[in-house]
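S.K.: Turn this into a structure:
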Amino acid sequence: MHQSIKYIVITIIAAFFLVGCNDGLTMQRYFVEHQETNNFLAQDVPISMLNIDESKLTAEQREAYNSVKRLNFLGYKIDSTNVDVFNSELAKVITILNDEKYNELIDFSYEGAKIAVKYVGDDYEADEFIIFGSSKDMGFGIVRVLGEDMSPEKMMTLGQLFESSNVDTSQFKDLMTFFK
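M.R.: Predicted coordinates for the structure are as follows:
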């Protein structure tokens, strides 16, 4: 009797592990698998590299800024020799972002590029934000925004802050010239 209870407990624990393991492709796994692949550029950016003068921020802006810890960028540059690979990689990213765990914050087109901002979490707290842009002429780029106590409302505040601030882009030369 004691042996069969032990067997049942072990079986239940094993079942939890097997059910809990997700074999699907995640954005994090996609980043890791492609960070050193041809035509991809990967860059980790701590939020401090943006050189934002915190003394000029409102309390709401400061809270939004401090909720973000780092940004991960992964970009794929298209050229005439890799259109099929581009389409395949683009389809993988779109499949990942169509997962129900990604909530849509905003989706729009700008100068021929499609841009989407999605997040994992709920309306009050998000684990990560994804900014995804793609263009048939240049390629695609994904920015993972990682932090603590983030929310969609804070990210909208942060977006407005970046629009109005003078961010030093010299630290992002590789990123800025990647799609040119």
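S.K.: where along this protein do the strands fall?
M.R.: For the chain, the strands defined by DSSP state E cover 40-46, 68-77, 102-110, 113-121, 126-135, 139-150.
S.K.: Spatially nearest residue to the residue nearest in space to the middle of the chain, not counting backbone neighbours?
M.R.: In the chain, the C-alpha nearest the mean C-alpha coordinate belongs to Arg144, at 2.2 Å (C-alpha atoms, centre = their mean). Closest residue to Arg144 apart from its sequence neighbours, by C-beta to C-beta, 6 or more residues apart in numbering: Asn72 at 4.2 Å. Where C-beta positions appear, they are placed from N, C-alpha and C, glycine not excepted.
S.K.: How about residues contacting stretch 29-42?
M.R.: 72-79, 82, 85, 89, 92-93, 96, 139, 142, 144, 174-175, 178 (C-beta atoms under 8 Å, 6 or more residues apart in numbering).
S.K.: Which residues belonging to that stretch are considered buried?
M.R.: 30-31, 34, 39-42 (16 or more other C-beta atoms under 10 Å).
S.K.: Bridged to the residue nearest to Arg144, which residues?
M.R.: Asp44, Arg144 (DSSP bridges).
S.K.: Check the one 5 residues further on too.
M.R.: Legend: beta-bridge partners of Lys77 under DSSP bridges are Gly139.
S.K.: what bridges to Asn103?
M.R.: Under the criterion DSSP bridges, Asn103 forms beta bridges with Tyr119.
S.K.: my read: it touches Tyr124, true?
M.R.: No. Using C-beta atoms under 8 Å, Asn103 makes no contact with Tyr124, being 11.8 Å away.
S.K.: Between the two, point out the one with more neighbours.
M.R.: Asn103 (15 against 9; other C-beta atoms under 10 Å).
S.K.: contacting residues for that one?
M.R.: By C-beta under 8 Å, 6+ apart, Asn103 lies in contact with 118-122, 152.
S.K.: And those residues, which two are furthest apart?
M.R.: Farthest-apart pair in the contacts of Asn103 is Lys118 and Asp122; separation 13.1 Å (C-beta to C-beta).
S.K.: out of the two, which sits in the more crowded spot?
M.R.: Neighbours were counted for Lys118 and for Asp122 using other C-beta under 10 Å; Lys118 has more, 22 against 11.
S.K.: Averaging pLDDT per element, find the lowest-scoring helix or strand in this protein.
M.R.: Sorting the helices and strands of the chain by mean pLDDT, DSSP states H and E puts helix 2-20 at the bottom, at a mean of 48.
S.K.: what residues are up against Val85?
M.R.: Taking C-beta under 8 Å, 6+ apart as the test, what Val85 contacts is Asn39.
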